[in-house]
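1. What follows is a predicted structure for the sequence shown.
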Amino acid sequence: MTNIDFGISIGDIKIPNPLVLASVAGLTDSSFAASRSVGLAILGGYNVDTATIEAARSLIKKGRSEFAYEKPKSVIENELAVMKTTDMAAAVNLRSATLEPLLEIAECVRKRNAILELNAHCRQPEMQAVGVGQRMLFDLDKLEQWIREIKQTDVTLSVKVRAGVTEDVVLARAIERAGADAVHIDTMNMGPKLIKKVRDQTSLKIIANNSIVDYESAHKMLSMGADLVSVARAAIAGNAALEEILSGLEHSEKTIGWYNAPKHICAGGDLRGLTFCCMPVKDCPLSYVLKRAGIKTEQYVRTKESFINSKLGRGANTCFGSMVWCCKITRPCPWRDSTLQDDNISDIEYMQLKKELAQKLLSCRELE
């Protein structure tokens, strides 16, 4: 496990690194997870009420792997106890057609300092027939009610969803409004563009899933606003892909200090990229993006200028007189770089200040 502090948490749960092992029914238990190089292991999916256990048994008869235990709570407690002996954070992905078992298990998950992940994702007909998995996405009022009641237990809660089933941004906003801590999105064929849409409209922690097979595919999701990326199929094949992704993440964090730094707005980046934009003095994507986000130009300028008293205020020879208007550290700029060198400001410190400014700018959004 890496000793780099990525500064990631979901709710009160600290996550050692941005790489997540997604749940794979019938496979992802503590013994499998312990052999993988991830920061967060999501165990399950576990079926925790009569309807889902019977549905799982039907699937097993058809040759599908599933977890179908008579006493799922005790199994989950034991699995989380094993995970406490590892360096990674743990979550359990749960399917239930009734709320009560989720509330009961939420208590033991909270006590184990783990995350409960509500499965609103699976699409097996047997599961949908009892109202679970992606079927839950067709009744947002019920989904919100369940999230609120689960959060009453004070458990840290993620909701796993499948993109393209319903209106994705509306769904994410509903999950946030109900009080969940994270959304785990199977992006299907929508990829980073969907992550960008959700990032621009919510403050949820985002776990991006689907087709993460190497560092390049992981980085595309992260640079559009994902906080973490999850791997399933590539993890089944072994640890090679996970180690390659983690190596890239470590290098990014060590060299620039912001492992999921956004693209520039003019390169199609999410709203966090406003931190790298210059003065609004020319015709460029900035004006359109500010309008779409509901941020007035004067508000954008004031927010940037509020950082003049920080080290970003230095750089009299830069294009607009301070580094609050300067671009990403990976884009060469002799004026910015000479300021950083002369004032003994590292690339990492510069980017961390830019990250702080990005959060300030996001707070100016008018969310739909």
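-> All right, it came through fine. Residues are numbered from 1 along each chain as shown.
2. tell me which residues in stretch 111-126 are buried?
-> With burial defined by 16 or more other Cβ atoms under 10 Å, the residues of stretch 111-126 counted as buried are 112, 114-122, 124, 126. Using the backbone N, CA and C atoms, a C-beta is placed for each residue, glycine as well.
3. And stretch 31-50, by the same measure?
-> 33, 36-49.
4. Can you give me the end-to-end span of that stretch?
-> Terminal residues of stretch 31-50 are spaced 26 Å apart (Cα to Cα, to the nearest Å).
5. List the buried residues of stretch 132-146.
-> So stretch 132-146, judged by 16+ other Cβ under 10 Å, has buried residues 132-137, 140, 143-144, 146.
6. can you check stretch 50-66 too?
-> Of all the residues in stretch 50-66, those buried under the rule 16+ other Cβ under 10 Å are 51-53, 55-56, 58-59, 66.
7. State the mean pLDDT of stretch 137-146.
-> Here stretch 137-146 scores 98 as its mean pLDDT.
8. going forward, begin numbering at 47 instead of 1
-> OK, 47 is where the count begins now, so the last one is stretch 183-192.
9. residue ranges of the helices in the stretch 147-296 of the chain, please?
-> Along the stretch 147-296 of the chain, counting by DSSP state H, counting those that start in this stretch, helices occupy 171-175, 186-197, 214-224, 237-247, 261-268, 279-282, 286-302.
10. comparing these, which gets the lowest mean pLDDT score?
-> It's helix 279-282: among the helices of the stretch 147-296 of the chain, that one has the lowest mean pLDDT, namely a mean of 92.
11. Please identify the buried residues of stretch 282-302?
-> Buried residues in stretch 282-302 (16+ other Cβ under 10 Å): 287-288, 290-292, 294-296, 298-299, 302.
12. ugh, typo on my part, it should be stretch 349-358
-> 349-350, 353, 357-358.
13. Let's see which of those end up in helices.
-> 349-350 (DSSP state H).
14. And the furthest pair within the buried residues of stretch 349-358?
-> Thr349 and Lys357 (16.8 Å; Cβ to Cβ).
15. pLDDT weak spots in this structure?
-> Applying pLDDT under 70 to the chain picks out residues 47-48, 414.
16. quick one, strands of it?
-> 54-56, 59-61, 65-67, 86-93, 135-141, 161-166, 202-208, 228-232, 251-255, 274-277 (DSSP state E).
17. Could I get these in TSV, plus columns for distance to Pro378?
-> Shown next, in TSV, are the strands of the chain (distance: least, Cβ to Cβ, whole Å):
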stretch	distance to Pro378
strand 54-56	29
strand 59-61	33
strand 65-67	30
strand 86-93	35
strand 135-141	37
strand 161-166	41
strand 202-208	39
strand 228-232	34
strand 251-255	29
strand 274-277	28
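18. Which of the ones you listed sits closest to Ile341?
-> Closest among these, using Cβ to Cβ: strand 251-255, at 20.7 Å.
19. That closest one pairs with which strands, and in what direction?
-> strand 228-232 (parallel), strand 274-277 (parallel) (DSSP bridges).
20. Now render these as CSV, adding mean neighbour count.
-> Formatted as CSV, those follow (neighbours: other Cβ atoms under 10 Å):
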stretch, mean neighbour count
strand 228-232, 26
strand 274-277, 26
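21. okay if I get the ones you listed as JSON lines plus distance to Lys406?
-> Converted to JSON lines, the strands paired with strand 251-255 look like this (distance: least, Cβ to Cβ, whole Å):
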{"stretch": "strand 228-232", "distance to Lys406": "22"}
{"stretch": "strand 274-277", "distance to Lys406": "23"}
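22. So which of those is nearest Val205?
-> Across the strands paired with strand 251-255, closest to Val205 is strand 228-232 (Cβ to Cβ), at 5.6 Å.
23. quick check: angle from the closest one to strand 86-93?
-> 80 degrees (axes from the mean of the first three to the mean of the last three Cα atoms, to 10 degrees).
24. C-alpha coordinates for strand 228-232, PDB please?
-> The C-alpha atoms that make up strand 228-232 are tabulated as PDB, following Å, rounded to 0.1, in the frame of the first residue of the first chain:
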ATOM      1  CA  ALA A 228     -21.100   9.300  -2.600                       C
ATOM      2  CA  VAL A 229     -22.400   8.100  -5.900                       C
ATOM      3  CA  HIS A 230     -20.800   5.200  -7.600                       C
ATOM      4  CA  ILE A 231     -21.600   5.500 -11.300                       C
ATOM      5  CA  ASP A 232     -21.400   2.700 -13.900                       C
END
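25. which other residues reach that strand?
-> 56-57, 66, 68, 88, 161, 163, 167, 203-209, 214, 218, 221-222, 240-241, 244, 248, 250-256, 273, 276 (Cβ atoms under 8 Å, 6 or more residues apart in numbering).
26. Report the inter-axis angle for that strand versus helix 214-224.
-> Going by the same axes, to 10 degrees, strand 228-232 makes 160 degrees with helix 214-224.
27. can you give me the offset of strand 228-232 from its chain's centre?
-> Between the centre of strand 228-232 and the centre of its chain there are 7 Å (Cα atoms, centre = their mean, to the nearest Å).
28. Pro378: neighbour count?
-> 8 (other Cβ atoms under 10 Å).
29. do the same with the one 4 residues further on
-> For Arg382, the count of nearby residues is 22 (other Cβ under 10 Å).
30. Tell me if I'm right that Asn285 and Ala80 touch.
-> No. Contact between Asn285 and Ala80 fails when scored by Cβ atoms under 8 Å: they sit 11.4 Å apart.
31. Make sure Phe184 is actually in contact with Glu213.
-> No. Between Phe184 and Glu213 there is no contact under Cβ under 8 Å: 11.4 Å.
32. Please list all residues in contact with Gly315.
-> Taking Cβ under 8 Å, 6+ apart as the test, what Gly315 contacts is 242, 269-270, 308-309, 322.
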